[in-house]
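> Sequence plus predicted model, see below.
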Amino acid sequence: MNPITDNKRMNRAARLLQLTYFLLLMLALLAPMLGLYPVFVMKLLCFAIFACAFNLLLGFTGLLSFGHAAFFGSAAYITGYLIKSQNFTPELGILAGMIGSGLIGLVVGLVAIRRQGIYFAMITMAIAQMVYFVCLQAPFTGGEDGLQGVPRGALFGVFSLQSDTAMYYLVVAVFVAIFLAVSRIVHSPFGQVLKMIRENEPRAISLGYQVDRYKLLAFVLSAALAGLAGSLKTLIMGFATLSDVHWTMSGEVILMTLLGGVGTFFGPVMGAGIVISLQNTLADKVGSWVNVIIGVIFVLCVLAFRKGVIGELQAWLERRRA
């Protein structure tokens with residue numbers, strides 16, 4: 001193949017991708033003016049951040065966690081409690097939620113990263129269930145009723161977030177920042193080491209890399225970003241409940257990531273959009289059967305599109321270029 005022609009095709013593909021991202025950003029900025037319900041889009045973006053955080057661990061490090069709901073839900077409770085009861089401003093509440101979930105991630109990671117495969121997954125799930133029961137029994141969480149009536153407050157004590165429009169643009173800004181940050185992490189030397197660990201861990205060890213440290217750092221980063229998603233969700237919806245920290249939430253983020261495409265940048269966002277849209281559209285029509293429908297879609301996707309929606313699209317474009 002002619003290298004010059006190949007470079008032109010790669011540059012054309014890069015420009016097309018940048019144009020696509022730009023158009024999606026414009027769509028997000030104009031969404032309230034186009035009649036889209038801001039709270040729905042904000043919820044979608046929160047779960048997109050959650051899926052991107054999980055994809056950093058699974059897609060780029062090769063670690064499957066069944067306990068990411070612990071980080072999402074614990075940050076939701078921490079942020080809700082501090083804002084409601086301790087009069088924290090929104091940014092401090094979110095920061096505290098991220099720090100709290102990151103510390104929990106550090107503890108879980110120190111225990112779990114010494115194991116691989118299903119053993120790693122089961123350890124994360126077991127510790128996540130412990131966090132669930134803490135949230136159920138702790139006096140400040142509200143037990144089965146959850147933490148209700150969390151105010152949005154004012155950003156930095158100045159900019160009120162009471163209106164959905166103001167809150168919406170804050171969430172969009174945070175999502176864009178996190179998406180760019182994850183992209184930067186993956187393309188950095190640290191990210192390249194994570195990919196090497198995913199592809200061939202013994203090879204990484206033989207080259208002198210301290211694999212456990214890289215895994216632990218990736219785990220803590222993923223936990224903190226998952227906590228950010230949970231904190232934003234509490235701020236948007238005004239409550240935190242046990243469903244945020246239940247094991248089914250871990251299953252949902254796994255579904256979103258696999259459905260969109262593991263190891264792709266936009267795949268988790270696409271997966272979150274599909275799952276949240278289906279839940280929002282079908283919940284009033286079919287009730288709890290929505291989970292069955294999503295499960296069937298997931299099975300069909302695994303059988304027909306093993307790389308996920310975005311993964312299969314990228315593979316198809318690669319075949320065309322070849």
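Cool, got the structure.

> For the rest of this, base every contact and every neighbour count on C-alpha atoms.
Fine.

> Next up, the contacts around Leu221.
Ala53, Gly102 (CA atoms under 8 Å, 6 or more residues apart in numbering).

> Identify the residue nearest Ala166 in space, chain neighbours excluded?
Closest residue in space to Ala166, ignoring its immediate chain neighbours: Ser160 at 7.5 Å, by CA to CA, 6 or more residues apart in numbering.

> My read is that the one you found contacts Ala154, right?
Yes - between Ser160 and Ala154 there is a contact under CA atoms under 8 Å: 4.0 Å.

> For the closest residue to Ile197 other than its chain neighbours, what are phi and psi?
Computed as CA to CA, 6+ apart, the closest residue to Ile197 that is not its neighbour in sequence is Ala204, at 5.9 Å. The phi/psi pair for Ala204 (degrees, to the nearest 10) reads phi -60, psi -40.

> how far away is Ala204 from Gln192?
In this view, Ala204 and Gln192 are 11 Å apart by CA to CA, to the nearest Å.

> These two: who's more crowded?
A direct count of neighbours by other CA atoms under 10 Å for Ala204 and Gln192 places Ala204 higher, at 18 against 15.

> Now do the more buried one, the pLDDT please.
Predicted confidence (pLDDT) for Ala204: 89.

> which residues of this protein fall in strands?
With DSSP state E as the criterion, the chain has strands at 154-155, 159-160.

> Save these as TSV, and put in mean pLDDT, distance to Asn200 and mean neighbour count too.
Shown next, in TSV, are the strands of the chain (pLDDT from 0 to 100; distance: least, CA to CA, whole Å; neighbours: other CA atoms under 10 Å):
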stretch	mean pLDDT	distance to Asn200	mean neighbour count
strand 154-155	86	45	16
strand 159-160	84	49	12
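
> Distance to Ile293 for the ones you listed - can I get that in a markdown table?
Conversion of the strands of the chain to a markdown table gives the following (distance: least, CA to CA, whole Å):
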| stretch | distance to Ile293 |
| --- | --- |
| strand 154-155 | 39 |
| strand 159-160 | 39 |
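
> Can you give me the distance of the residue nearest to the spatial centre of the chain to Gly263?
Nearest to the geometric centre of the chain sits Phe50, at 1.6 Å (CA atoms, centre = their mean). Counting by CA to CA, the gap from Phe50 to Gly263 is 14 Å.

> which ones are touching Glu55?
Actually, residue 55 is Asn rather than Glu. So Asn55 contacts Thr257, Val262, Gly263, Pro268 (CA under 8 Å, 6+ apart).

> Looking at those, which are in helices?
Assigned to helices by DSSP state H, the following of the contacts of Asn55 qualify: Thr257, Pro268.

> low-confidence ranges in the stretch 201-322 of the chain?
Along the stretch 201-322 of the chain, segments meeting pLDDT under 70 span 322.

> now the helices for it?
Applying DSSP state H, counting those that start in this stretch to the stretch 201-322 of the chain gives helices spanning 201-206, 211-237, 247-260, 267-286, 289-304, 308-321.

> Can I get the fourth one as CSV, trimmed to CA atoms?
Okay, so that is helix 267-286. C-alpha atoms of helix 267-286 as CSV (Å, rounded to 0.1, in the frame of the first residue of the first chain):
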residue,chain,number,x,y,z
GLY,A,267,-18.5,3.6,22.7
PRO,A,268,-19.4,4.0,26.4
VAL,A,269,-21.2,7.3,25.6
MET,A,270,-23.2,5.6,22.9
GLY,A,271,-23.9,2.6,25.2
ALA,A,272,-25.1,4.9,28.0
GLY,A,273,-27.3,6.8,25.5
ILE,A,274,-28.9,3.6,24.3
VAL,A,275,-29.6,2.2,27.8
ILE,A,276,-30.9,5.4,29.4
SER,A,277,-33.0,6.2,26.3
LEU,A,278,-34.6,2.7,26.4
GLN,A,279,-35.2,3.0,30.2
ASN,A,280,-36.8,6.4,29.8
THR,A,281,-38.9,5.5,26.8
LEU,A,282,-40.1,2.0,27.9
ALA,A,283,-40.4,2.4,31.7
ASP,A,284,-44.0,3.8,31.6
LYS,A,285,-45.1,1.4,28.9
VAL,A,286,-43.8,-2.0,30.0
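
> Which secondary structure elements does it sit against?
helix 38-61, helix 247-260, helix 289-304, helix 308-321 (3 or more CA pairs under 8 Å, 6 or more residues apart in numbering; DSSP states H and E).
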